[in-house]
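**Student:** Curious how this folds, go ahead:
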Amino acid sequence: MGVCKWIKAKWGRKKPPAPRDGLSTPPCPSDANTANPAVVEVSSTSPSKASTTNAVMVSSVKASSAPHTLVAPSHAASSSNLRERLWNKAYDQARIEDPDTVNGYEMILSAQLHQEDPDFLNPSHTDFTDNTTPENKIEQDTEKRKKQMRQLVQNGLQKIKKEINIKQGIESGVQVAMVFKEVVDKAVQASSEAALAWVGVCIGLQILTNPLTEANSNQQGIEYVVRRMNWYWELSRLLLDMNIKPDQQGLRGVLEEKVTQLYAQLLLFQMKSVCYYYRRRFRVFVRDLVKLDNWDGKLDNIKDAEAAVRQDSSQYNTQKILNHLSDILKSGESQISAIQQQTKEQEAMHETDEDNKCLKDLRVTDPRDDKKRIEGLKGGLLKDSYKWILENSQFKKWRNEDDPQSRL
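**Tutor:** Numbers count the residues shown, from 1 in each chain. I've put the predicted structure just below:
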């Protein structure tokens, strides 16, 4: 054997082993610098350094939306296919559990999809009612429905942008919409199958920018779902974990059912929320739906489904995957905390500005300046009315005496 061949045989680079089951092993999240656009991180900010403008808040989230993981192409494709299958399965399951709500939701989406007036479905417009029942034009074919949902998301994002530009307020709902609008946009651009999952979130953000006072518990539920949506979206990674023991493979099917059930509960909550907020606009068919209340109970259904997924995943998955999902969940909570802190600071600044304006309107000034102003306008005091007292000899004697007793 020649020297060159011997060196190549001895030190040549070995090919990496082929991945099991045709899928590449998920990499460690800490090794990542590129991208899953659906994942957003927000570094925590101390109150003293918190942003005081909406533009800074959004730019900070964009800067911190660095992706969590570097995903190999084959793994990304598998993850994409699995996500699409899970969400479509959950959508079908929601239809089986509550066909009236799903049908009402699809009618509202159909009206939005084919309506050119951007304010036609503004939830805050309650002064007019459509007495007709819109035709359900949402396709049942998954590929055709995907295109419709993608168009609905894009329409919704444009409406959210318009609301933000008009209001420019300090309300928490507007702040949440500003931040998570970017998350929805990136998620749908990254994968077309995301539209089915994110269209409800997109409409939820529109609802948060036009809140109804009588539905505070529903708004809290929407905010809860929005800030955890990245975590829900990434749950498919639990089912792609290749580093599990052979005797645990049977748990995969059970875990998939739990994830699907969670997705179905999420979709139903979003669908009921949409029907609730448009109930005045479409009274004819929405009024026939089940009573749209008990939002705390509906949110509890989601939390129970979350707990079931956590319990099974702790037995099935490696700690690396669980830690990765935990980091995603924490990042969503950090975003909301940052928004709440910023909102409090802006409210305090707004109150200070209002106080200063009030004082200015009341013309609160130095009393000495007021005295001089009055004297200048009225000609001063009449000296003859008090001069005789000050020039009285007895008064002068009393004033100049050093004996303190004389002052009593």
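
**Student:** helix or strand right after the helix or strand of the chain at the bottom of the mean pLDDT ranking?
**Tutor:** Lowest by mean pLDDT, DSSP states H and E among the helices and strands of the chain is helix 54-64, with a mean of 44. Remark: after helix 54-64, the chain's next helix or strand is helix 73-97, criterion DSSP states H and E.

**Student:** Now do that following helix: which elements does it pack against?
**Tutor:** Where contact means 3 or more Cβ pairs under 8 Å, 6 or more residues apart in numbering; DSSP states H and E, helix 73-97 is packed against helix 99-113, helix 194-209, helix 251-277. (Glycine included, C-beta is placed from N, CA and C.)

**Student:** just the ones you listed: most buried one?
**Tutor:** Greatest average neighbour count among the helices and strands packed on helix 73-97 goes to helix 194-209 (a mean of 26), per mean count of other Cβ atoms under 10 Å.

**Student:** Just say helix, strand or coil for residue 293.
**Tutor:** Recorded secondary structure, residue 293: coil (DSSP: H, G, I helix; E, B strand; the rest coil).

**Student:** Format the helices and strands packed on helix 73-97 as CSV; extra columns: mean pLDDT.
**Tutor:** Formatted as CSV, these follow (pLDDT from 0 to 100):
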stretch, mean pLDDT
helix 99-113, 89
helix 194-209, 83
helix 251-277, 90
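
**Student:** Mind putting those into CSV with distance to residue 89?
**Tutor:** Shown next, in CSV, are the helices and strands packed on helix 73-97 (distance: least, Cβ to Cβ, whole Å):
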stretch, distance to residue 89
helix 99-113, 14
helix 194-209, 11
helix 251-277, 5
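
**Student:** Nearest to residue 224, out of these?
**Tutor:** helix 251-277 (9.4 Å; Cβ to Cβ).

**Student:** The closest one to helix 99-113, inter-axis angle?
**Tutor:** For helix 251-277 against helix 99-113, the angle by axes from the mean of the first three to the mean of the last three Cα atoms, to 10 degrees is 60 degrees.

**Student:** can you state the direction angle for helix 251-277 and helix 73-97?
**Tutor:** 60 degrees.

**Student:** quick one, phi/psi of residue 379?
**Tutor:** Phi and psi for residue 379, reported as degrees, to the nearest 10, are phi 90, psi 10.

**Student:** now swap in residue 139 and tell me
**Tutor:** phi -70, psi 150.

**Student:** Next, count neighbours for it.
**Tutor:** 14 (other Cβ atoms under 10 Å).

**Student:** residues in contact with it?
**Tutor:** Residue 139 makes contact with 145, 148 under the criterion Cβ atoms under 8 Å, 6 or more residues apart in numbering.

**Student:** Which residue ranges of the stretch 251-400 of the chain form helices?
**Tutor:** Taking DSSP state H, counting those that start in this stretch to define them, one finds helices in the stretch 251-400 of the chain at 251-277, 283-286, 295-316, 319-362, 367-378, 387-390, 393-400.

**Student:** any idea which of the ones you listed scores lowest on pLDDT?
**Tutor:** Note on the helices of the stretch 251-400 of the chain: lowest mean pLDDT is at helix 283-286, with a mean of 56.
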